[in-house]
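*Asks:* for reference, the sequence and a predicted model appear below.
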Amino acid sequence: MKIHENEDGKLQLYDFNAFEAYKIAIKLEKDGISFYEKMLLTFCDKEHVKIIEFLIKEEKKHLKFFQDCLNRIREEEDMLEEDDIVEYMDSRVFENLDADIENKSKDEILDIALNAETNSIEFYTALEKCCEDVKTKKALKVIIEDEKKHYETVKALK
């Protein structure tokens with residue numbers, strides 16, 4: 001996988017295979033679940049809690065999809081597991097999700113969540129463009145639309 005950062009700070013991903021992409025997607029979804037679970041400890045309003053619980057459920061649904069895709073590849077091919085790309089993406093794209101949100105305002109927490117949803121949309125869009133498997137491509141389009149809805153849901157919390 002090759003990664004290039006534009007002048008505006010956005011990442012361009014290219015020359016990556018499905019195995020690498022699914023590993024990154026799994027990391028992205030796990031980080032999202034963890035972040036939203038931390039948010040539950042900060043937001044007490046019943047309506048906010050209900051929305052955050054919905055987002056956790058959605059992220060878990062996406063996680064299962066990507067884990068199933070990765071398992072299918074593992075069954076079909078003898079893949080050498082490389083964690084370098086996931087570690088790089090973790091340090092460049094998902095770093096804010098590990099932030100200590102206990103000392104942040106609700107607006108700051110929501111800004112982190114909005115950034116994470118934007119990163120998800122951009123990554124899955126790049127993945128969908130390069131994906132050759134029709135079934136996976138179709139599922140990715142659904143996930144992209146889910147992530148766009150998640151962005152709007154978090155934005156509405158602000």
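*Replies:* Thanks, I have it. Residues are numbered from 1 along each chain as shown.

*Asks:* show me where the chain dips below the pLDDT cut-off.
*Replies:* For the chain, applying pLDDT under 70 flags the ranges 1-4, 9-16, 77-99.

*Asks:* just the helices in it please.
*Replies:* 18-42, 46-76, 84-92, 106-130, 134-157 (DSSP state H).

*Asks:* D8: which of these is closest?
*Replies:* Closest to D8 of those is helix 106-130 (CB to CB; 11.8 Å). Any C-beta I mention is one placed from the backbone N, CA and C, and that applies to glycine too.

*Asks:* what is that closest one packed up against?
*Replies:* If contacts are counted by 3 or more CB pairs under 8 Å, 6 or more residues apart in numbering; DSSP states H and E, helix 106-130 sits against strand 11-14, helix 18-42, helix 134-157.

*Asks:* at 10 Å what do you get?
*Replies:* Helix 106-130 is packed against strand 11-14, helix 18-42, helix 46-76, helix 84-92, helix 134-157, with contacts defined by 3 or more CB pairs under 10 Å, 6 or more residues apart in numbering; DSSP states H and E.

*Asks:* and the angle from that helix to helix 134-157?
*Replies:* Note on geometry: by axes from the mean of the first three to the mean of the last three CA atoms, to 10 degrees, helix 106-130 and helix 134-157 are set 160 degrees apart in direction.
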